[in-house]
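Engineer: Only the shape, not the letters, is given here:
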């Protein structure tokens, strides 16, 4: 795994250095946040993975680029949610790894620009996009994931700087949505930053909502926020009671009406795999294992888990997929709970299948068609590949020396926000609110 990661990194350095994402089939690159303004997305996402893998020369090379070349003073709109989990989180984890204060300063500068998207809303719900230079905002029609995936990064930033504004802003946005749960404990996935009201009736565990629920639990693990823990347990219990459905014996969590629990859609995306691990973390182990088994069946049937699945038939709803890490994420969280070897066995299959199907000339690529043999390549390596699945694999199999697995807390983007061994970054135990 380390050798594969370094092989891909060397190609990124050679063909896409400082660019957001490499296209591994053509050997070209593309922007992710703002067209024509690359922010080194893959580089920043890779930093703490490089550190954990003890690829120190490569880590220092990346840090040097961040210090000399990464500048957020751009007159362009960036997606607030993605910018936070990928760049703020990546810079924070790299800082926690090596203690370099410049990395912390870059993370704070970027978070301050993102805070303007929260401040513009009368309810503290961030708009979807903010202009990084001017603070202008747009797109108030948003969703749970995009208003509720800040607490871990903003909370750690608050710890490191002594500034309670960050966690307070993240927590306020989450509480606003939580206060609008229905009588059966569910929330609609879509919400309006200006009116503060839900703008759909669909409760979702994956698209538009997934990381909101992760950050409730992570806020308990990172900061000891007992109220967040209670909310996590209540939300997960409501999902189990009112969203869980069995089709041909398999447990799925399709979209339902947030007030009645009636099923409103019969698809489940690969993104939903995270929930199996979260259920296990929060005390719903049996349901977590059952849900993981549904994705395990998809892996056995298709080799690569489809991007979207018809839960009534267990069949793929499309042919494309994007190097998705959620199954490995769930296996890691379940394995950390009891060290059961079967989770490692499933993850090993996930890794081998990725290696067999998705390796291109200059890195690992998304797939255009998982039904052909061999599978047809797309031409993009998503930034999250550098932070997520390759880290999950390494943590499970390599006995890493630089991370304490029993203390480790990962963000939704798999940035290490607690658990480095011998790091020079400091991390007080309580968040200032």
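Structural biologist: Ah, there it is. The shown structure was predicted, so the numbers you read here are calculated from the model rather than taken from an experiment.
Engineer: does the nearest residue to residue 92 once chain neighbours are set aside count as helix, strand or coil?
Structural biologist: What sits nearest to residue 92 in space, not counting adjacent residues and going by CB to CB, 6 or more residues apart in numbering, is residue 107, at 5.0 Å. Backbone N, C-alpha and C define where each C-beta goes, glycine included. Judged by DSSP: H, G, I helix; E, B strand; the rest coil, the three-state class of residue 107 is helix.
Engineer: Without its sequence neighbours, what residue ends up closest to residue 6?
Structural biologist: Using CB to CB, 6+ apart, the closest residue to residue 6 is residue 55 (6.1 Å).
Engineer: Identify the residues contacting the one you found.
Structural biologist: Applying CB atoms under 8 Å, 6 or more residues apart in numbering, we find residue 55 in contact with 2, 5-6, 9.
Engineer: List the ones among the residues you listed that fall in helices.
Structural biologist: Within those, residues falling in helices by DSSP state H are 2, 5-6, 9.
Engineer: among these, which ones are buried?
Structural biologist: When those are checked for burial by 16 or more other CB atoms under 10 Å, the buried set is 2, 5, 9.
Engineer: want to throw the residues you listed into a markdown table with pLDDT and distance to residue 297?
Structural biologist: What follows is those, written out as a markdown table (pLDDT from 0 to 100; distance: CB to CB, whole Å):
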| residue | pLDDT | distance to residue 297 |
| --- | --- | --- |
| 2 | 97 | 31 |
| 5 | 98 | 29 |
| 9 | 98 | 34 |
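Engineer: quick check, nearest of those to residue 243?
Structural biologist: When those are compared for distance to residue 243 (CB to CB), residue 5 comes out closest, at 36.2 Å.
Engineer: Report the contact partners of the closest residue to residue 198 other than its chain neighbours.
Structural biologist: In this structure, residue 198 finds its nearest non-sequential neighbour in residue 188, 3.8 Å apart by CB to CB, 6+ apart. For residue 188, the contact set (CB under 8 Å, 6+ apart) comprises 198-203, 258.
Engineer: just the buried members of those residues?
Structural biologist: For the contacts of residue 188, a burial check counting by 16+ other CB under 10 Å picks out 198, 200-203, 258.
Engineer: Next, the contact list for the closest residue to residue 191 other than its chain neighbours, please.
Structural biologist: Nearest-residue entry for residue 191: residue 198, 5.4 Å, with adjacent residues in sequence omitted and distances by CB to CB, 6+ apart. Residue 198 is in contact with 180, 187-188, 190-192, 258, counting by CB under 8 Å, 6+ apart.
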